[in-house]
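>>> model the following, please.
(one chain, ligands or ions: 1)
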Amino acid sequence: MSYDPDNVFAKILRGELPCKKVHETEHALAFHDINPLTPVHVLVIPKGAYTDFADFTANAGPEEICGFWQAVHDVARMTGVEDSGFRIVANKGADAGQIVFHFHVHVFGGRPVSGSMVRPARD
Ligand code: AMP
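Here you go, the predicted structure:
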């Protein structure tokens, strides 16, 4: 699948759509999910144009990959869930239910989220 530069997260990166920003680094942007499933539900996206986890892992450079995952860790710290615990999820493709085809990681926390195989259920 080729990258669609008009996907919603590309528009957020270009400042064409708003977001509730949590964190920004050279390599990543983090913002609150518009439809949160848990008290902390933050999306972390790389600044580069990658459709999904596989595209990112295969094609991003080592600095981008490292910077991205460091930003995920920053978000866990900044949202106060590092000690209580959190779940990170990356949906890749149809069977995972990926909706937005710009690679992103969900950070879920703020309450127990260990029960589900997939996304945490709503409160
Ligand atoms: P998925 O692609 O299945 O991993 O999920 C995409 C996520 O993006 C969903 O949890 C949506 O609620 C979220 N989302 C979609 N549009 C926006 C937006 N404009 N701002 C923040 N989150 C969004």
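>>> near the ligand, which residues of the protein?
The chain comes close to the ligand at residues V8, L17, C19, D33, I34, N35, L43, N91, G97, Q98, I99, V100, as judged by CB under 6 Å from any ligand atom. From N, CA and C alone the C-beta is placed, and that goes for glycine too.
>>> for the spatially closest residue to the first one that is not a sequence neighbour, the count of nearby residues, please.
Pointing back at V8 there. Leaving out its chain neighbours, the residue that sits closest to V8 by CB to CB, 6 or more residues apart in numbering is V100, at 5.6 Å. Neighbours of V100 under the rule other CB atoms under 10 Å: 17.
>>> ok, A94 next?
7.
>>> ok, back up a step: contacts only, for the residue nearest to V8.
N7, V8, F9 (CB atoms under 8 Å, 6 or more residues apart in numbering).
>>> H41: what secondary structure?
strand (DSSP: H, G, I helix; E, B strand; the rest coil).
>>> contacting residues around it?
H32, D33, H106, V107, F108.
>>> other SSEs contacting the longest helix along the chain?
The residue-count maximum for a helix in the chain (DSSP state H) belongs to helix 62-78. Contacts defined by 3 or more CB pairs under 8 Å, 6 or more residues apart in numbering; DSSP states H and E place helix 62-78 against strand 21-24, strand 28-32, strand 40-46, helix 53-59, strand 105-109.
>>> with distance to G115 added, can I get the ones you listed in JSON lines?
Compiled in JSON lines, the helices and strands packed on helix 62-78 are given as follows (distance: least, CB to CB, whole Å):
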{"stretch": "strand 21-24", "distance to G115": "25"}
{"stretch": "strand 28-32", "distance to G115": "23"}
{"stretch": "strand 40-46", "distance to G115": "16"}
{"stretch": "helix 53-59", "distance to G115": "23"}
{"stretch": "strand 105-109", "distance to G115": "12"}
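>>> so where's this structure uncertain?
The chain contains residues with pLDDT under 70 at 117, 123.
>>> let's see it at 80
Across the chain, residues meeting the criterion (pLDDT under 80) sit at 115-123.
>>> pretty sure V113 contacts R87?
Yes - between V113 and R87 there is a contact at 4.8 Å, judged by CB atoms under 8 Å.
>>> quick check: neighbours shared by these two?
By CB under 8 Å, 6+ apart, the residues touching both V113 and R87 are P120.
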